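[1] Build the 3D model from these lines:
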Amino acid sequence: MAKAMFGAGCFWGIEETFRKTQGVLDVAVGYSGGATEDPTYESVCSGTTGHAEVVEIDFDEQKVSFEQLLTVFWDCHNPTQLNYQGPDVGTQYRTAIFTMDEEQVELAIESKKQEQDSNRHNGDIATEIKPAQKFWRAEEYHQQYIAKNRGRFGRLFG
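    Residues are numbered from 1 along each chain as shown. Predicted coordinates for the structure are as follows:
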């Protein structure tokens, strides 16, 4: 089992996306990349902690590669938007790849270059690539939020 960590806007939607990815064993939503110990949703939303909303992914490398997870990451958000995704605005919604080891750093850098060179996006990719910091699991009501509230989201997340 391996781990990956991504920030791509509100963690609810990206959690749902990665849960549907073959080879992904578990996805948890939480916070990382900031300086505050034991952040809460409210403190992260204040913009003062430095954390991003992220997903921490446990995956089976025999069934899905980190490169394949990077493809899902690029496809599930707009990586040119600095500190916002759709209606969600703030540094906590930044686009980020938090790497677990040197191999992930190299793969993330190469993938970002390929994505920029693909001309799929209007503008420069704003995704930061940084070593993973401690993952702080979000409050339980945020875990699998879309699945728990499927009726509120209608067909948006199928």
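
[2] tell me the mean pLDDT over stretch 141-151?
    The average of the pLDDT scores along stretch 141-151 is 85.

[3] where exactly do the helices run in this structure?
    With DSSP state H as the criterion, the chain has helices at 11-19, 41-45, 66-75, 102-117, 145-148, 150-153.

[4] Of those helices, flag the one that's most buried.
    Of all the helices of the chain, helix 11-19 has the most neighbours on average by mean count of other CB atoms under 10 Å, namely a mean of 22. All C-beta atoms are positioned from the backbone trio N, CA, C, and that covers glycine.

[5] Go ahead and name everything in contact with it.
    6, 8, 24, 27-30, 53-55, 57, 69, 72-73, 76-77, 138, 142-147, 157 (CB atoms under 8 Å, 6 or more residues apart in numbering).

[6] Adding distance to residue 87, write the helices of the chain out as a markdown table.
    Shown next, in a markdown table, are the helices of the chain (distance: least, CB to CB, whole Å):
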| stretch | distance to residue 87 |
| --- | --- |
| helix 11-19 | 12 |
| helix 41-45 | 14 |
| helix 66-75 | 20 |
| helix 102-117 | 24 |
| helix 145-148 | 16 |
| helix 150-153 | 14 |
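
[7] Lowest average pLDDT across the ones you listed?
    Per-stretch mean pLDDT for these is lowest at helix 150-153 (a mean of 69).
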